[in-house]
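Trainee: Following is a predicted model, sequence given first.
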Amino acid sequence: MMHSTDVLVVGGGGTGTGIARDLAMRGVDVTLVDRGGLGIGTTGRSHGLLHSGARYAEADEAGARECIVENEILREIAGACIRDTGGYFIRLEDDDPDYFEEKYEACLDYEIPAERIPVEQAREAVPDLADDVAEVMEVPDGVIYPSRLVAATAADAREHGATILPDAPVTDLLKDDERVIGAAVDHDVGKIHADHVVNATGAWAGQLGDMAGVDVEMKPTRGVMICQEYEGLGTVLNRARDPDDGDIVIPHADEVILGTTSVEVDDPDEYEEADWEVERTIEECAAIFPPAADAPETRTYWGVRPLYAPEEAETGGARGISRGFFVLDHDERDGVGGFTSVVGGKLTTHRMMAEAAADAIAERLGVDEPCRTADEQLYAHDDPATLDALVEEFDIDGPADADVVGRAQ
C-alpha cells in the first residue's frame, strides 16, 4: 500500500511533533510516524526541567538566550503541561564563589531574571536545604510534564490536518538516485511517499541517516534519573558549580526527581545501567538536599541525550558537547535531496528547533506561510483530564511524569 504526503516526519518526541504542528499550521500535508508510542525516547525519559537558561549562562550565551525565550513562550502556550515552580541555584561553602558570580552576571546580561536572595529566605521556602548553603540565586526555572506536552502538540498538529501514526516503525528510506522520496513503514502501514522527509529521531538520528546514505555524527550520552518520595518541595534546586553528576532536584506533587549523569554510549537502545550512577547521583543531590540520601525510591530510569558532535565541534568530554541544536540540510551538505535532520537541543527549546526546521523545509517546498506556534496555545492546554486521555491515545508511556499523568480530577 502506498500513501502520499508533502512531508514525512520520522520521530514523535517533542521536536518531531513540534515540526508536524508547525508545518500543518502552515497548510502543509504532514504525516508523522514513530516506532513506538509517541514521546517515549529522549523526551519522555528526560528530567523534565523547564530551563530558564541560567544553567548555561556563563558558558553558552546562545543556549541561555534560547532557553529564556522558549521558557516564556511555553508558559503561555502549554498550560497544564508546565508547572511554574521557579528555581534556586545554590552555592555551598566549598563551591567556587567566582563561578556563582559569573553565572549571576551572565544571567543579567542575557535578560534572564535572576535575583540573589538571602539564604534564610530560601530556607523558609525549602526547610530541608543543606546546612552549608552560602549563596542562593532565584531564577524562573520550572517543570515540564513531557507526556502531556507531546500529547498536546501531536493533537494540535492533528487538529490542523496532520496524520499522526504511533507504532509505525520505519524499516527503510526510499530513494530515487540521490533523493529521499519516502519510507517503508512496518506494522501494516506500507510505503509512504513524501516530497520531503525529516529526521527528528533524536539520539537515533545517525541510524536513520545511515538509511539515507548520510553521516549524522551523533554522540549520545546516558543519564540516570531517580524518583523518590518527598512531599512539599516547590522549587527546582540546582547546584551552582560546573555541570556535574547529581546537581539537579526536580519537584513533582509528592515526589522529587534527582539527576543526572553523563556517560557516552555506543547504542541508544543497548547500554549499561550502572549502579554507581545511581549511588553518585543520590550522594551529590543530597549535598544540597539532604533528604535525598535516604528517601524511598519509586522508580529509576535512564535517558539518552541526542548530542550532535561532528569531530570539529567536540570540546572535550560529553559535558563539553554543545547543547545547541542544528538543522542539517542534506541536499546542501551531502548532495542527498529531500532529507533534513534536526539534531541536538533540549526539551525546553523543542518548539524553537521545530520552527527552524519548518522554516527551512517550507522554503524548500515554496510555502510562504509564517510560523505561528509561539502565538497559539496548544490543544487542550488547560484541560489536564483531556491531556491525560490523549497521552493514553497516543500510547505515551514515559517515566518522567508517570506520577502526574492520570491523576487529573
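Mentor: Sure, I can see it.

Trainee: what number of residues lie near the closest residue in space to residue 248 that isn't next to it in sequence?
Mentor: Sequence neighbours aside, residue 259 is the residue nearest to residue 248 in space, at 4.9 Å (criterion: Cβ to Cβ, 6 or more residues apart in numbering). Yep, even glycine has a C-beta here, placed from its N, CA and C like the rest. Neighbours of residue 259 under the rule other Cβ atoms under 10 Å: 22.

Trainee: what's the answer for residue 39, then?
Mentor: 32.

Trainee: so what's it up against?
Mentor: When contacts are counted by Cβ atoms under 8 Å, 6 or more residues apart in numbering, residue 39 touches 12-14, 17, 146-147, 149-151, 394, 396, 398.

Trainee: my read: residue 303 touches residue 49, true?
Mentor: No. At 12.0 Å, residue 303 does not count as touching residue 49 under the criterion of Cβ atoms under 8 Å.

Trainee: related to what we said a few turns ago, give me the subset of the contacts of residue 39 that lies in helices.
Mentor: Judged by DSSP state H, those include 14, 17, 146-147, 149-151 as members of helices.

Trainee: Distance check, the closest residue to residue 325 other than its chain neighbours against residue 324.
Mentor: In this structure, residue 325 finds its nearest non-sequential neighbour in residue 345, 3.3 Å apart by Cβ to Cβ, 6+ apart. Going from residue 345 to residue 324 by Cβ to Cβ, to the nearest Å gives 7 Å.

Trainee: what about those two, which has more around it?
Mentor: Taking neighbours as other Cβ under 10 Å, residue 345 and residue 324 compare with residue 345 leading, 27 against 18.

Trainee: hang on, isn't that one packed against residue 351?
Mentor: No. Counting by Cβ under 8 Å, residue 345 does not reach residue 351; the two are 10.3 Å apart.

Trainee: Give me the mean pLDDT for the host helix or strand of residue 173.
Mentor: Secondary structure from DSSP states H and E places residue 173 in strand 170-176. Mean pLDDT, strand 170-176: 97.

Trainee: can you give me the helices for this structure?
Mentor: Assigned by DSSP H, the chain shows helices spanning 14-25, 61-77, 97-109, 119-125, 146-159, 205-212, 275-288, 330-334, 350-365, 384-393.

Trainee: Just send these back as TSV, with distance to residue 34 and mean neighbour count too.
Mentor: Listed next are those as TSV, based on distance: least, Cβ to Cβ, whole Å; neighbours: other Cβ atoms under 10 Å:
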stretch	distance to residue 34	mean neighbour count
helix 14-25	7	30
helix 61-77	22	19
helix 97-109	36	17
helix 119-125	40	13
helix 146-159	10	28
helix 205-212	12	21
helix 275-288	27	18
helix 330-334	21	17
helix 350-365	15	22
helix 384-393	14	20
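
Trainee: quick one: residue 180 and residue 93, what's the gap?
Mentor: In terms of Cβ to Cβ, residue 180 sits 56 Å off from residue 93.

Trainee: contacting residues around the closest residue in space to residue 95 that isn't next to it in sequence?
Mentor: Among residues not flanking residue 95 along the chain, residue 241 sits closest, at 5.0 Å (Cβ to Cβ, 6+ apart). Residues counted as contacts of residue 241 (Cβ under 8 Å, 6+ apart) are 91, 95-96, 99, 247.

Trainee: at 10 Å what do you get?
Mentor: 89-92, 94-96, 99-100, 103, 247, 284, 288 (Cβ atoms under 10 Å, 6 or more residues apart in numbering).

Trainee: roughly how far apart are the residue positioned nearest the centre of the chain and residue 392?
Mentor: For the chain, residue 347 is the residue whose C-alpha lies nearest the centre (Cα atoms, centre = their mean; 2.1 Å). According to Cβ to Cβ, residue 347 stands 21 Å off from residue 392.

Trainee: tell me the contacts of the residue nearest to residue 350 when sequence neighbours are not counted?
Mentor: Distances taken as Cβ to Cβ, 6+ apart place residue 14 nearest to residue 350, at 3.5 Å, with adjacent residues excluded. By Cβ under 10 Å, 6+ apart, the contact list for residue 14 reads 38-39, 41-44, 46, 144, 146, 149-150, 153, 200, 202, 345-351, 353-354.
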